[in-house]
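Enquirer: Quick one, structure for this:
(chains A and B)
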Amino acid sequence: MMSGSVVDNTVSSGNSSAAIPTDISGQILDLDEDDDLEVFSKDTTLTDGSSFNASMQTSPASMINQYKFEEDADTKDIFVTVDNPESHVTAIETYITYRVMTKTTRSEFDSSEFEVRRRYQDFLWLKGRLEEAHPTLIAHPLPEKFVVKGMVERFNEDFIETRRRALHRFLNKIAEHPIFSSSEDFKIFLTAASGELTSHKKQGPGFLSRMGDTVKAVAAAVRGVRNRPQEFTEMQEYVEAFSQKISSLDKVTQRIVREQKEYLEELKECGPTYALWSQSEEELAEPLKNVAGCVDRCCKETEEQVKNLSDHLIPVLHEYVLCADTLKMRNDLDKAEDRLEWANNALKSDWTRWQKVMRTDLRSAFVDTAERNVSYYEKCLAVWESFLHSQRTDAEGNGKVDFS
Amino acid sequence: MADSGSEDIAVIGNTDLTPLESENNLKNTMVEKGTSLLKKMEISVAEAEKRTGKNAVNMQETYTVYLIETRPVDAASEGTNPVLDSLWKRYSEFELLRNYLLVTYPFAVVPPLPEKRAEFVWHKLSADNMDPDFVERRRVGLENFLLRVASHPVLSSDKIFYLFLTEENGWKETVFETGFQAKADSRLKALNATFRVKNPDKRFAEMKHYGDELQSVISQLLRVRARAADRLYGVYKVHGNYGRVFSEWSAIEKEMGDGLQSAGHHMDAYAASVDDILEEEEHYADQLKEYLFYADALRTVCRKHELTQYELEMAVQDLTSKKQQREELATGTIRTFSLKGMTSKLFGQETPEQREAKLKMLETQIEEGEEQVKERNAECDEFVKSAWVDIERFKEQKDHDLRESLISYAIMQISMCKKGIQVWNNAKECFNKM
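Expert: Have a look, this model is predicted:
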């Protein structure tokens, strides 16, 4: 599979909208060749479950570093939101900007509240800068530039909303990261007026956004020292396996969405059929119309459930697919080099930190999904119970049926 | 019984009603109607068995037989009563019985048999007649048929029906001895011919139209439902993949492992639950199918009425023309064109003796004709009366039964939702432990 993010080198020239990648088919997960998507059988031949232990070496220095990187939720001193997408039209192009609001108590900031508008290019730039400055650290992925499958338009409401959420997550991940959040580029991103940002962008060295360049930078930074190879191997193997699993989950979820949509298509015909039937009936007309209404309402709930999966679970899974790809890439190239030594404990701490964040993210994504499913079934339950209730009161009213 | 709704719902019936209980409700309703037959005996189709034997052309064939059991109704004793009679019958014998009833009681909306071949199936369900699930559903359908006939005010007292329940050998011969086959053949021919009634009875025309609509809409509903069932199956089963992947993933995780593993089990349970759900829905589909076929029976009655009406009109027409001929002969005027009239004009009149003979013949024919018209009139009236009574009875039964079916459908949906809530709540707990 190709690396996740589509990179656009023409960012600085300002016509980023023009270049549509001709072949991103590798990027769109191919759901038809589901070799590993067995519908009926479960793979019982699991590996012997050797757990990959990313435990720290217990040298004093590393312990101090670890402590520094512990996320302390109580002392969160910066809050960032991304919202309010707006469309801008110029002579050359049309693009969307998002409002980025910051509230902070940090002393490095001149004020405690900031509000700026940023476009996707700007986020890309920020990511590139952070990766350049800290090639060994793990940065959260950005939503892709363009999604072709399903003909999602750039200015489609759903697409914009999904992207907004992803950009919000991205910035928050930066803000929560002990090292990234103290980056000067990050501060400028959050606070500078558009003109200021543009000139700042021009100042720095070229935007090294190519994956290959970044990875080479990583290798260069850590080449030559060989200690603790075993940990590295463990991390490599973990990343490889994790990447597989998260990709599978992404695929499975997309398949579920597909099946749900097809189910919805059929279900949509049921209600009208009951309604049609009610037109030929006398006594039965009312219960039939009632059932038609119930089926229609369940359709609406199903529609919403499908949307929820697409809007909430899938983007998160997809981000971690991209993450895993990035991690794999780094590791792959390093394999060719000498064994990687975590030159500074920052890398290992970051790795541990990343795992924690991953765990939190995925846990809450799945919990959220489960909650939404429960809510879906509860709503449908209420629909059918109201039907039963109506039939009971009806029947008793007519004195027809004895429910004893 | 756990309910998340109002307590009122509890009274409408256990929302945990199984299909078996639903069926029992229907049976009890039929028994309560209390025909004299059902007051005497309990009827059931208890088992089905495969047999092989030689058929009419001496070839080996495999077929299924169904065990009909009858028990005396004894209000005093509880538990199982001694079996009065038990005998094995094939599907074809049921068909024979039904055909006999159709011919003998043309005004009755005769209960339908379960389908001969599985139709409106969704993919997992087998369309094979020998498939055990199909055979089982057919067994239930045949029992239902017998109970319907046994609870019918007119059909239940038929002798042949009684013999069907009590005589294993020789029943077929007895049926054929009634000579119904000949009647059936001629009726069939007449019904299939195209004829037009001059003064159609509005009520019957409307009924026939209703029968058409009912047939069409239930077919559509069954088709749509089968497709939706197919899709729903896919949705549930794909969740089984979550189970597998969670399990594999848990193997490489330290802290998340347990939560993932147990969540995976719940996903497997979720995927597996669809089998029961759809099996229950199949019962609902069977109930709809019964009325799909009932619609056809209804249309048949209307058609037979048309035939009776038509035959009456034909008899009247015939009589009228004969009377006219008599008049012409008597007065010598020819008002209607006839070839005979023309030829006699051309080739000379008949002799007075010939005319006399003709007149006499006509008189006899007119007498017979008037008898026939009287008979047919009576037949028609009788038919209309009896048919309309049975149609009213059928309407009430249909409204009651289908309403019950819709209720049981709602109950099924509720059960499905409850299961879903349970599974996803369990999964959520596991996810929280991730």
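Enquirer: What ranges does the stretch 1-150 of chain B have for its helices?
Expert: B:7-12, B:19-33, B:36-40, B:91-104, B:132-150 (DSSP state H, counting those that start in this stretch).
Enquirer: Check chain A too.
Expert: According to DSSP state H, chain A carries its helices in the segments A:60-69, A:120-133, A:157-176, A:184-191, A:194-203, A:211-222, A:229-278, A:285-308, A:314-336, A:345-398.
Enquirer: what does the third one rub up against?
Expert: When you say that, I think you mean helix A:157-176. A:71, A:76, A:78-83, A:85, A:96, A:98, A:100, A:120, A:123, A:126-127, A:130, A:139-143, A:147, A:152-153, A:180-181, A:183, A:186, A:311, A:315-316, A:319, A:357 (Cβ atoms under 8 Å, 6 or more residues apart in numbering or on different chains). In short, each C-beta sits where N, CA and C put it, glycine included.
Enquirer: ChimeraX command for the buried members of those?
Expert: Buried subset of those, written as a ChimeraX selection, criterion 16 or more other Cβ atoms under 10 Å in any protein chain shown:
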select /A:78,80,82,85,96,98,100,120,123,126,127,130,139,140,141,142,143,147,180,181,183,186,315,316,319,357
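Enquirer: can you narrow the contacts of helix A:157-176 to ones near chain B?
Expert: With Cβ under 8 Å from any Cβ of the partner chain as the criterion, no member of the contacts of helix A:157-176 is in contact with chain B.
Enquirer: before we move on, back to that, including mean pLDDT, could the helices of chain A go into a markdown table?
Expert: What follows is these, written out as a markdown table (pLDDT from 0 to 100):
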| stretch | mean pLDDT |
| --- | --- |
| helix A:60-69 | 42 |
| helix A:120-133 | 89 |
| helix A:157-176 | 89 |
| helix A:184-191 | 91 |
| helix A:194-203 | 80 |
| helix A:211-222 | 53 |
| helix A:229-278 | 91 |
| helix A:285-308 | 96 |
| helix A:314-336 | 77 |
| helix A:345-398 | 88 |
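Enquirer: Comparing those, which comes out most buried?
Expert: Compared across these, helix A:120-133 shows the largest average neighbour count, a mean of 21 (mean count of other Cβ atoms under 10 Å in any protein chain shown).
Enquirer: CA-only coordinates of it, as PDB, when you get a sec.
Expert: This file holds the C-alpha atoms of helix A:120-133, laid out as PDB (Å, rounded to 0.1, in the frame of the first residue of the first chain):
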ATOM      1  CA  TYR A 120      -5.500  23.300   4.500                       C
ATOM      2  CA  GLN A 121      -2.200  24.300   3.000                       C
ATOM      3  CA  ASP A 122      -1.200  26.000   6.200                       C
ATOM      4  CA  PHE A 123      -1.800  22.800   8.200                       C
ATOM      5  CA  LEU A 124       0.300  20.900   5.700                       C
ATOM      6  CA  TRP A 125       3.000  23.500   6.100                       C
ATOM      7  CA  LEU A 126       2.900  23.200   9.900                       C
ATOM      8  CA  LYS A 127       3.200  19.500   9.800                       C
ATOM      9  CA  GLY A 128       6.100  19.600   7.500                       C
ATOM     10  CA  ARG A 129       7.900  22.100   9.700                       C
ATOM     11  CA  LEU A 130       7.400  20.000  12.800                       C
ATOM     12  CA  GLU A 131       8.600  16.900  11.100                       C
ATOM     13  CA  GLU A 132      11.700  18.700   9.800                       C
ATOM     14  CA  ALA A 133      12.500  20.000  13.200                       C
END
